[in-house]
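Q: Task: produce atomic coordinates for the following.
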Amino acid sequence: MENIHHCLFIVYAADQEKSKSFYADLLKMKPSLHVPGMTEFTLSPTCKIGIMPEAGISKILLPHTKNPVDGNGIPRCEIYLTIDDVDTWFTHALQCGAIEISKPVVRDWGHRVAYVQDQDGHIIALAQIL
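A: You can find the predicted model right below:
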């Protein structure tokens, strides 16, 4: 088996432009790709987060899966970001329009983690390694 060379996590969004603006503010970066149907943010040389409109992915997935539009607002994934200062990032996320799920707390696995939700229901964990 060959090694995996790159990873792109894609979230489905009701409104690509609104989601792009939210993640640009949250991540404090401009998208590395922004075209109709796909937005990408390069987090590292081997990891990206993508945003795809629900309507676009529905054309590919239906009728083999349920329509992603029907799941909007329901948590469908978690983006787990390890950062240096969870308190600063948590406040910043709320200022960007994220919905608070859980304030920063030391978790059983040894990280101090806050949880927020984006406008499409996706969970974002902001984790500080202790």
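Q: all helices for this structure, in order.
A: Ranges of helices within the chain are 16-27, 54-61, 86-95, based on DSSP state H.
Q: mind listing the strands for this protein?
A: 7-13, 33-35, 38-44, 47-53, 78-82, 99-106, 111-117, 123-129 (DSSP state E).
Q: Next, the angle from the worst-scoring helix or strand of the chain on mean pLDDT to strand 38-44.
A: Sorting the helices and strands of the chain by mean pLDDT, DSSP states H and E puts helix 54-61 at the bottom, at a mean of 85. Inter-element angle recorded for helix 54-61 and strand 38-44: 90 degrees (by axes from the mean of the first three to the mean of the last three Cα atoms, to 10 degrees).
Q: elements contacting helix 54-61?
A: Here helix 54-61 touches strand 7-13, going by 3 or more Cβ pairs under 8 Å, 6 or more residues apart in numbering; DSSP states H and E. C-beta: built from backbone N, CA, C; applies to glycine.
Q: and the residue nearest to the spatial centre of the chain, what is it in contact with?
A: Among the residues of the chain, the one closest to the centroid is residue 79, at 4.9 Å (Cα atoms, centre = their mean). Neighbouring residues of residue 79 by Cβ atoms under 8 Å, 6 or more residues apart in numbering: 9, 11, 49, 122-125.
Q: With neighbour count added, can I get the residues you listed in JSON lines?
A: Shown next, in JSON lines, are the contacts of residue 79 (neighbours: other Cβ atoms under 10 Å):
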{"residue": "9", "neighbour count": "12"}
{"residue": "11", "neighbour count": "21"}
{"residue": "49", "neighbour count": "21"}
{"residue": "122", "neighbour count": "22"}
{"residue": "123", "neighbour count": "17"}
{"residue": "124", "neighbour count": "24"}
{"residue": "125", "neighbour count": "19"}
